[in-house]
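Undergrad: Okay, sequence plus prediction incoming.
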Amino acid sequence: MRTRLNLLWACCLLMLYHTAGAQIKQSSLPVAGPALNIYGDVGGPGGIISINYDRRFTGEKGFGFRAGLGTILLSKPVSDILTETKPHLTFPLELNYLMGKEGNYFELGAGMTFVGNMSSNPAVTEKDESTPATAPDRPDDMIWHATLGYRYQPLKRGFTSRIFLSPVKTPNSSVFLYGGVSFGIRI
């Protein structure tokens, strides 16, 4: 009885080893088509935190785009000594370019981030009150940004990461330098 149990156990381990080996061989194949990434940003054009979809137009590098959904905290004065801080949704859109080789790339990008309900921010110039405060297509609800950074993007599926600087121009013409990190997967 014990010999049969050991034989069954050995067969299970052998099957597990064979299956794992097949998975490793399959995932080591290069991915056909343009590179697709899903990643989360901490900092940068999407605000405090954002989730993004990034795709090359063709191949591993060259031109591509990014679209995301994030959040940012904006404050407005309630009285002389109190301020009110509320979260607002952000929608970063960007055209970017990757240059480099073997999964190590320098990233350049430029785009805009739409901010929902940005009229609650006192730094923004006054607007016509007849326009809805949450319309993301008005010029005052748009922040221009650039991206300069390093991206690790494997040639196969797997873990991706980025570290970047992001100059941002607000609607009232203030320019700030933000930075951020990203972690995600290539699908």
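TA: Thanks, I have it. Residues are numbered from 1 along each chain as shown.

Undergrad: Now do the contacts for the residue most central in space within the chain.
TA: By C-alpha atoms, centre = their mean, the chain has its centre lying nearest to Asn52, at 3.5 Å. Shown in contact with Asn52 (C-beta atoms under 8 Å, 6 or more residues apart in numbering): 37-41, 46, 66-69, 92, 182, 184. Bear in mind the C-beta positions are built from the backbone N, C-alpha and C, glycine included.

Undergrad: Enumerate the beta-bridge partners assigned to Thr71.
TA: Ile49, Leu89 (DSSP bridges).

Undergrad: if I look at it, how far off is Trp144?
TA: 19 Å (C-beta to C-beta, to the nearest Å).

Undergrad: Please narrow the contacts of Asn52 to those residing in strands.
TA: Asn37, Ile38, Tyr39, Gly40, Asp41, Arg66, Ala67, Gly68, Leu69, Pro92, Ser182, Gly184 (DSSP state E).

Undergrad: who's in contact with the fifth one?
TA: Remark: with contacts taken as C-beta under 8 Å, 6+ apart, Asp41 is in contact with Ile49, Ser50, Ile51, Asn52, Gly68, Gly70, Arg162, Gly180, Val181, Ser182.

Undergrad: how deep is the second one tucked in, by neighbour count?
TA: Here the count is done by other C-beta atoms under 10 Å, and Ser50 has 26 residues near it.

Undergrad: again with the last one
TA: Neighbouring residues of Ser182 were enumerated by other C-beta under 10 Å; the total is 24.

Undergrad: And the pLDDT for it?
TA: You'll see Ser182 listed with a pLDDT of 96.

Undergrad: how about the nearest residue to it, chain neighbours excluded?
TA: Arg162 (3.9 Å; C-beta to C-beta, 6 or more residues apart in numbering).

Undergrad: List the residues that contact the one you found.
TA: Counting by C-beta under 8 Å, 6+ apart, the residues that Arg162 touches are Tyr39, Asp41, Glu107, Gly149, Tyr150, Arg151, Tyr152, Gly180, Val181, Ser182.
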